[in-house]
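A.B. asks: With the input below, show me the fold.
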Amino acid sequence: MVAAGATQTAKFDCTEEPATEKLGHAIAQTLGGVADGPIVVTLSGELGAGKTTLIRAVLRGLGHQGAVPSPTYMLLEPYDLGGWNIAHLDFYRLSQPGDLEGLGLRDWLAGRRLILIEWPENAAGRLPPADLAIAFVLTGARRTLELRAQTDRGRALLSGISGRFAS
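C.D. replies: Just a heads-up that it's a prediction; the model follows:
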């Protein structure tokens, strides 16, 4: 048994793109069972590791039909899907953490919102704590996604994701 407040971790082999898509759909399906309020998910890994691919799968799992561009230059792409207001943020090209002020990120931290953040390390401590931190680990041709739940909401999300991904 894991004590309340403890970080929980799960690893998923997502070497093949269909596995990444399955994980994204599992995340989308699990959102409904998590308490209302903002959910912050960070995605870290090398350029081209699959961060945007996973986010596309989450959005499609929530019913999005159109293109899912990477917001590398715009920093933010908003979506309204499945009863969730979603912010897809990409901080790869963020030159200064102070550039976040114009995005209104604080406004996104209320209500039923899903905040998906690529390259959170470039925001240098200006982000809210992540409920779920996803690290993309590339070892040769193998891609492993390490999900680390850091809050009660994150632990509930991770539990649901693990069950759905395994089935």
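A.B. asks: In the protein, where is pLDDT below threshold?
C.D. replies: 1-5, 35, 71-74, 96-105, 108, 124, 167 (pLDDT under 70).
A.B. asks: all strands in this protein, in order from the N-terminus.
C.D. replies: Taking DSSP state E as the criterion, the chain contains strands spanning 8-13, 39-44, 76-81, 84-90, 113-118, 132-139, 142-149.
A.B. asks: As a markdown table, these with mean neighbour count and distance to E21 would be great.
C.D. replies: Any C-beta I mention is one placed from the backbone N, CA and C, and that applies to glycine too. Rendered in a markdown table, the data for the strands of the chain read as follows (neighbours: other CB atoms under 10 Å; distance: least, CB to CB, whole Å):
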| stretch | mean neighbour count | distance to E21 |
| --- | --- | --- |
| strand 8-13 | 14 | 12 |
| strand 39-44 | 23 | 15 |
| strand 76-81 | 16 | 16 |
| strand 84-90 | 22 | 16 |
| strand 113-118 | 24 | 15 |
| strand 132-139 | 18 | 14 |
| strand 142-149 | 18 | 12 |
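A.B. asks: Now do the helices in the protein.
C.D. replies: In chain order, the chain shows helices spanning 17-31, 51-61, 152-166, with DSSP state H as the criterion.
A.B. asks: Could you single out the most deeply buried of the ones you listed?
C.D. replies: Neighbour counts (mean count of other CB atoms under 10 Å) averaged over each of these peak at helix 51-61, with a mean of 22.
A.B. asks: could you say what helices and strands that one packs with?
C.D. replies: Under the contact criterion of 3 or more CB pairs under 8 Å, 6 or more residues apart in numbering; DSSP states H and E, helix 51-61 touches helix 17-31, strand 39-44, strand 84-90, strand 113-118.
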